[in-house]
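Q: Model the following, please.
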Amino acid sequence: MLDSTRIAAIRQELQQIGCASATSPAFQNQLLSYLDMNADRGDFLIEVGCFRGGMTAQLAAYAAERGKRFYVVDISDEYLETARNSVKTALGKVPACVEFVKKDLPTFLRGSQPSDRCTLVFIDGDHHYDGVVRDIRAVVDSSLKRPLTICFHDYGLRCTAEGLTDVRVDKAIHDILPNCAVSPIGEIAGLGGILPVDPVSSSGEHFPRGMSEGVMVVLNDPRPFSSRLDPGHRGGRLKRLVKAALHAGRRS
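A: Numbers count the residues shown, from 1 in each chain. As a prediction, this is how the structure comes out:
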């Protein structure tokens, strides 16, 4: 089991250096919980898009503790270096199991991995529709063994600024994986927390009420979704949360 005290210390250190994860605490907790409970599913994990390394450091801690390889994949030298420094600062060193890779996901997956058993592909890179489609297809077309879990952040994100209106992670998922069920992870917009329901910043970022912060998709999964923080009946729970968010919006 992951050491919650250590994870809290890592997050505090990341906060102090200005590199805290852009994801909500709920998202972080549920993602780590899923990995902890499904560690037997694979030998390594992949993060696509590391930004400042806030989630990277926590995933590195998990990988080191559980004896997994961890590949941090990004096309930006700046983000990779920032994430590397975040991991080193938060953990005291960069664990030997962590590898920073300057490639896009399709190129990375065409290369060699330690096995075909991947515990998780965490996609949080290019949020434009075409970029998400490209990453999903790279995973689906890869030789990675099923069942295979893909986690997406910013599932319900919308942007109003010119050039960003095609940010549609959700549409890309449902267009390319129409027969796969999605399991919400993180916050639900309109129920408080960090997700803005009205446009903010120059990009006009916001989440429509009732949309989830992220989702998990398990390809060809014969087993039920496992998460210590949200056991069972996820569909009914999501419907109740969406209803509550929409009701809160009408009252505000």
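
Q: Can you give me the neighbour number for the residue nearest to residue 181 when sequence neighbours are not counted?
A: Distance criterion C-beta to C-beta, 6 or more residues apart in numbering; nearest residue to residue 181, sequence neighbours excluded, is residue 217 at 7.5 Å. In short, each C-beta sits where N, CA and C put it, glycine included. Residue 217 has 21 neighbours, counted by other C-beta atoms under 10 Å.

Q: Then residue 198?
A: 8.

Q: do residue 162 as well
A: 8.

Q: distance of it from residue 203?
A: Separation of residue 162 from residue 203 (C-beta to C-beta, to the nearest Å) stands at 10 Å.

Q: do residue 179 as well
A: Taking C-beta to C-beta, one finds residue 179 at 32 Å from residue 203.

Q: When those two are compared, which one has more neighbours?
A: residue 203 (16 against 4).

Q: Do I have it right that that one meets residue 163?
A: No - the pair residue 203 / residue 163 is not scored as a contact, 9.2 Å apart, by C-beta atoms under 8 Å.

Q: quick one: the helices in the stretch 101-250 of the chain?
A: Here the stretch 101-250 of the chain has its helices, by DSSP state H, counting those that start in this stretch, at 105-110, 129-140, 169-176, 234-251.

Q: between those helices, which has the poorest average model confidence?
A: Of all the helices of the stretch 101-250 of the chain, the minimum mean pLDDT falls on helix 234-251 (a mean of 51).

Q: Which residue is the nearest non-sequential neighbour of residue 50?
A: That would be residue 83: by C-beta to C-beta, 6+ apart, it lies 3.9 Å from residue 50.

Q: what do you get for residue 219?
A: residue 148 (4.6 Å).

Q: same deal with residue 18?
A: That would be residue 52: by C-beta to C-beta, 6+ apart, it lies 7.6 Å from residue 18.

Q: Specify the local secondary structure of that neighbour.
A: coil (DSSP: H, G, I helix; E, B strand; the rest coil).

Q: What count of nearby residues applies to it?
A: With other C-beta under 10 Å as criterion, residue 52 counts 19.

Q: Which stretches in this protein count as strands?
A: Listed in chain order, the strands found in the chain under DSSP state E are 44-48, 69-74, 98-102, 118-123, 148-153, 182-188, 212-219.

Q: Tabulate those strands (a markdown table), appending mean pLDDT and distance to residue 195.
A: Formatted as a markdown table, the strands of the chain follow (pLDDT from 0 to 100; distance: least, C-beta to C-beta, whole Å):
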| stretch | mean pLDDT | distance to residue 195 |
| --- | --- | --- |
| strand 44-48 | 98 | 21 |
| strand 69-74 | 98 | 24 |
| strand 98-102 | 98 | 29 |
| strand 118-123 | 97 | 18 |
| strand 148-153 | 97 | 11 |
| strand 182-188 | 96 | 5 |
| strand 212-219 | 96 | 6 |
